[in-house]
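Visitor: could you look at this predicted model? Sequence included:
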Amino acid sequence: MHGSKPTADPRDKLDFKRVLPIFIIVLIDLLGLTIIIPLLPLYAASFGASPLVIGALGTTYPLMQLIGGPLLGGLSDRYGRKPVLIVSQIGTLIGFIILGLANALPLLFLSRIIDGLSGANIVVAQAAITDSTNERTRAQGLGLIGAAFGLGFTLGPAIAGIALVASGNDYRVPAFLAAGFSLISILLTTFWFHETHPAEKRAQAASGTPTGNRLTRTLAALRNPLIGALLLLIFLQQLVFGGFENLLALFTLNRLGMGASSNAALFVFVGVLLVLVQGKYIGPWSRKYGERKLIYAGLALLAVGLTLASITPPQPVPWYSQSALLEELSSSARHETIAVALPQDDSTGWLGLVWMLVAMVPTTIGGGILAPSINSMITKRISPTQIGSMLGVSSSLVSAANAITPLIGGALFQIMGSTAPFLIGGLVMAALVVFATRRIAPHTSESLTSTSSGSPA
């Protein structure tokens, strides 16, 4: 009929009723994790741990995820998403209880080992999202996982702070609070979540010689030039973006004189941006531009944002006082001296902070759209029976990057100064833009659409 509005394609609309349980479960799980993360260094220090041991404790969780990701992903392909989610969540609950009851340093390591292996269940959640979306809504669905991360990393530290104030800084209370959130996630998965991986697909994944066939199919997918390029990108972007996340507070302390409360506010700003990008905008952007262009844009935005951040003017924030910040740091310091140089307080102003906030916008948007777009493109180029296993490989690469990036970034920061990690990261992202335009060119992705329904990438 002339003048009538075009009918919206129902395939473009994400079924929120199906994905909402997954989103809520992931968010509750992440609240448990993010409540604990800010406290672990102090908790370890209370047992007499050296800085090196504290660093080793920090790498334990992602290293265990590196092992657990492919394992849980493959098991979910064979036995279904729900039972694997429940078993892994029980492991997380046990890890938090051990953390709360710990009376020696080895128990802290044991708790992080158990929680790391179990925490790889994010792979299963990603697979469940993939089961519940089509190719036109998949990036938006996977973006909701990122939105849950943004909310978790915004709310978790705030909940931990309230718990510490209420308990008189008893570190055990946040640990048991995290265990409570883990118990809630188990109940939600048991009574609210419905299996998304149908029995016929589980039978396909289990047919033949299960382990050998899965390994053969996974290796074959990895040999595919496009899949290999995408997995390389997921590793390198996390190596750079993860380093940015780990070093941001140290950078702003050194460059802008920002203490704990100021950095908490900055992380809230970053978290809100992530929630907006991954919860609201990535779906429409993916349908309009396709994952391939979003990957290009994400890499370019990260290159610009990290470069801008690296040259942030060294002007302390207006409320900065060197003596007050030294007192804040020394009140809970594990060392007799502060190893990070602090700015002088004779030239405070807004320029450095405003510059940093501006740099956070492209950095956060780039990081927010990149991983969901890469994972979405991967799922469209493999067999449905491989999705859990391949997302497990992707998650393992992210965990590997998270395990080593604090060591690399910290070494660069200490040897070459605070500018070096972000500037080098920006240059790496710029090089990856060139790499991506050559290895993920339109003709490359189009030649592989035989494994998908041919939606644009």
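Guide: Yes, it's here.

Visitor: please count neighbours and contacts with C-alpha atoms only from this point.
Guide: Noted.

Visitor: send over the helix or strand hosting residue 180 as CSV, restricted to the C-alpha atoms.
Guide: Assessed by DSSP states H and E, residue 180 sits inside helix 172-191. This file holds the C-alpha atoms of helix 172-191, laid out as CSV (Å, rounded to 0.1, in the frame of the first residue of the first chain):
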residue,chain,number,x,y,z
ARG,A,172,35.6,-12.6,55.2
VAL,A,173,32.3,-10.9,54.9
PRO,A,174,32.6,-10.0,51.2
ALA,A,175,33.8,-13.5,50.5
PHE,A,176,30.7,-15.0,52.1
LEU,A,177,28.6,-12.4,50.4
ALA,A,178,30.0,-13.5,47.0
ALA,A,179,29.1,-17.1,48.0
GLY,A,180,25.6,-15.9,48.6
PHE,A,181,25.4,-14.5,45.1
SER,A,182,26.8,-17.7,43.7
LEU,A,183,24.0,-19.7,45.5
ILE,A,184,21.4,-17.4,44.0
SER,A,185,22.8,-18.1,40.5
ILE,A,186,22.6,-21.8,41.1
LEU,A,187,18.9,-21.5,42.1
LEU,A,188,18.2,-19.3,39.1
THR,A,189,19.8,-21.8,36.7
THR,A,190,18.0,-24.7,38.3
PHE,A,191,14.5,-23.3,38.3
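
Visitor: need the residues that contact it.
Guide: Applying C-alpha atoms under 8 Å, 6 or more residues apart in numbering, the external contacts of helix 172-191 come out as 21, 25-26, 28-29, 31-33, 35-36, 82, 85-86, 89-90, 92-94, 96-97, 99-101, 160, 163-164, 167.

Visitor: which among those count as buried?
Guide: 21, 25-26, 28-29, 31-33, 35-36, 82, 85-86, 89-90, 92-94, 96-97, 99-100, 160, 163-164 (16 or more other C-alpha atoms under 10 Å).

Visitor: now, which of these lie within helices?
Guide: The members of the buried ones among the contacts of helix 172-191 that map onto helices under DSSP state H are 21, 25-26, 28-29, 31-33, 35-36, 82, 85-86, 89-90, 92-94, 96-97, 99-100, 160, 163-164.

Visitor: max-length helix in this protein?
Guide: Counting by DSSP H, the longest helix found in the chain is helix 225-256.

Visitor: determine the set of other helices and strands touching the helix or strand following that one.
Guide: Remark: after helix 225-256, the chain's next helix or strand is helix 260-276, criterion DSSP H and E. Here helix 260-276 touches helix 138-167, helix 351-379, going by 3 or more C-alpha pairs under 8 Å, 6 or more residues apart in numbering; DSSP states H and E.

Visitor: tabulate the ones you listed (CSV), appending mean pLDDT and distance to residue 271.
Guide: Output for the helices and strands packed on helix 260-276, formatted as CSV (pLDDT from 0 to 100; distance: least, C-alpha to C-alpha, whole Å):
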stretch, mean pLDDT, distance to residue 271
helix 138-167, 75, 5
helix 351-379, 87, 9
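
Visitor: nearest to residue 413, out of those?
Guide: Nearest of the helices and strands packed on helix 260-276 to residue 413, taken as C-alpha to C-alpha: helix 351-379 at 17.7 Å.

Visitor: in the closest one, which residues are buried?
Guide: Within helix 351-379, the residues that qualify as buried by neighbour count (16+ other C-alpha under 10 Å) are 351-353, 356-357, 359-379.

Visitor: which outside residues touch whichever strand or helix holds residue 423?
Guide: Taking DSSP H and E as the criterion, residue 423 maps to helix 419-439. Contact partners of helix 419-439, identified using C-alpha under 8 Å, 6+ apart, comprise 225-226, 229, 233, 237, 240-241, 243-244, 295-296, 299-300, 302-307, 309-311, 409, 412-413.

Visitor: picking that back up, need the helices and strands packed on helix 260-276 in CSV (columns: distance to residue 118).
Guide: Below are these laid out as CSV (distance: least, C-alpha to C-alpha, whole Å):
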stretch, distance to residue 118
helix 138-167, 17
helix 351-379, 21
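
Visitor: measure residue 191 to residue 82 for me?
Guide: Between residue 191 and residue 82 the distance is 10 Å, computed by C-alpha to C-alpha, to the nearest Å.

Visitor: please disregard the earlier target; I meant residue 99.
Guide: 26 Å.

Visitor: can you give me how far stretch 184-202 is from the chain middle?
Guide: 23 Å (C-alpha atoms, centre = their mean, to the nearest Å).

Visitor: pull out the buried residues from stretch 414-427.
Guide: Within stretch 414-427, the residues that count as buried by 16+ other C-alpha under 10 Å are 418, 419, 420, 421, 422, 423, 424, 425, 426, 427.

Visitor: same thing with stretch 104-116?
Guide: Of the residues in stretch 104-116, 105, 107, 108, 109, 110, 111, 112, 113, 114, 115, 116 count as buried by neighbour count, 16+ other C-alpha under 10 Å.

Visitor: now tabulate these in JSON lines and tack on distance to residue 47, pLDDT and secondary structure.
Guide: What follows is those, written out as JSON lines (distance: C-alpha to C-alpha, whole Å; pLDDT from 0 to 100; DSSP: H, G, I helix; E, B strand; the rest coil):
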{"residue": "105", "distance to residue 47": "6", "pLDDT": "84", "secondary structure": "helix"}
{"residue": "107", "distance to residue 47": "11", "pLDDT": "91", "secondary structure": "helix"}
{"residue": "108", "distance to residue 47": "10", "pLDDT": "88", "secondary structure": "helix"}
{"residue": "109", "distance to residue 47": "12", "pLDDT": "90", "secondary structure": "helix"}
{"residue": "110", "distance to residue 47": "14", "pLDDT": "93", "secondary structure": "helix"}
{"residue": "111", "distance to residue 47": "15", "pLDDT": "90", "secondary structure": "helix"}
{"residue": "112", "distance to residue 47": "15", "pLDDT": "88", "secondary structure": "helix"}
{"residue": "113", "distance to residue 47": "18", "pLDDT": "90", "secondary structure": "helix"}
{"residue": "114", "distance to residue 47": "20", "pLDDT": "90", "secondary structure": "helix"}
{"residue": "115", "distance to residue 47": "20", "pLDDT": "84", "secondary structure": "helix"}
{"residue": "116", "distance to residue 47": "21", "pLDDT": "83", "secondary structure": "helix"}
